[in-house]
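Student: Here is the input, now give the coordinates:
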Amino acid sequence: MKNSFSIFKKSYYIENIYCSIDINNIEKYLKRIENIEKEQKGKISVILVPEPLVYNENHINWAIFNGKLRFLEKINISKNIFTETLMILSNTNQIKGISKDWYIKKGKNNYFLNILSQEKKINKDVLKKLDVKKITKKHTPKIKEIINYYNIKNKKNIEEEIIEKMALSLF
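Tutor: Model prediction:
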């Protein structure tokens, strides 16, 4: 999926890859992502969204938009603001405790890896350095986990409730 959006008069282009990452080496992998971001001198941001909590592509776009907006405003991304599925990796201290999170404990290793770039084309070397195993099967949402995690009451409008909670978390 390729997309784009603008925040604070800057345009960002998104490359979204559904992939599998070895959770046993997640901290090393996150450090590699951080090094790639430093090499690119702020031209890219890499965001991992754990697959179990993703309802659909629209949900991913909202997560990226919320996370990037918070990051640009220097607001801390924490577990209590419904964008907790994001790991925006530009600060080493965010990496330190990440392997203790619930989705890693449960052995989940499928992610949506999103590369945000200020340039229209993402450098192929960046994709090679990330060294991920692309998954070709289509994402199937885990409805029960999503309903429990987001505490959704109205099961007829799951997507609307998720997006509403994410939008409210901006304030």
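Student: In the protein, mark out all the strands, start to finish.
Tutor: Taking DSSP state E, the strands of the chain run over residues 2-7, 10-20, 44-50, 87-88, 110-117, 133-134.
Student: Please verify my assumption that residue 126 contacts residue 44.
Tutor: Yes - contact status for residue 126 versus residue 44: in contact at 6.6 Å, counting by C-beta atoms under 8 Å. Backbone N, C-alpha and C define where each C-beta goes, glycine included.
Student: so what's in contact with the two at the same time?
Tutor: 36, 115 (C-beta atoms under 8 Å, 6 or more residues apart in numbering).
Student: follow-up on the earlier one: residue 150 is nearest to which of the strands of the chain?
Tutor: strand 44-50 (13.5 Å; C-beta to C-beta).
Student: Who does residue 115 form a beta bridge with?
Tutor: Residue 115 has these beta-bridge partners by DSSP bridges: residue 15, residue 46.
Student: 29 is where my numbering starts, stick with that
Tutor: Understood, numbering begins at 29; the last thing we discussed is residue 143.
Student: which residues does it contact?
Tutor: So residue 143 contacts 42, 43, 45, 72, 73, 74, 75, 150, 154, 155 (C-beta under 8 Å, 6+ apart).
Student: Spatially nearest residue to residue 163, not counting backbone neighbours?
Tutor: Ranked by C-beta to C-beta, 6 or more residues apart in numbering and with sequence neighbours excluded, the top spatial neighbour of residue 163 is residue 46, at 4.8 Å.
Student: how far away is that neighbour from residue 157?
Tutor: 19 Å (C-beta to C-beta, to the nearest Å).
Student: How about residue 147?
Tutor: Counting by C-beta to C-beta, the gap from residue 147 to residue 157 is 16 Å.
Student: If you average pLDDT per helix and strand, which one of the protein comes out bottom?
Tutor: Here the helix or strand of the chain ranked lowest by mean pLDDT, DSSP states H and E is strand 115-116, holding a mean of 44.
Student: Show me where this structure dips below the pLDDT cut-off.
Tutor: Within the chain, the stretches with pLDDT under 70 are 29-38, 51-52, 54-55, 80-81, 87, 89-136, 194-199.
Student: ok, 50 please
Tutor: For the chain, the stretches with pLDDT under 50 are 29, 102-121, 123-124, 126-128, 130.
Student: so residue 64 sits right up against residue 71, yeah?
Tutor: No - using C-beta under 8 Å, residue 64 is not in contact with residue 71; the gap is 10.6 Å.
Student: Which one's more surrounded, these two?
Tutor: Neighbours were tallied for residue 64 and for residue 71 using other C-beta atoms under 10 Å; the higher tally belongs to residue 64 (19 against 14).
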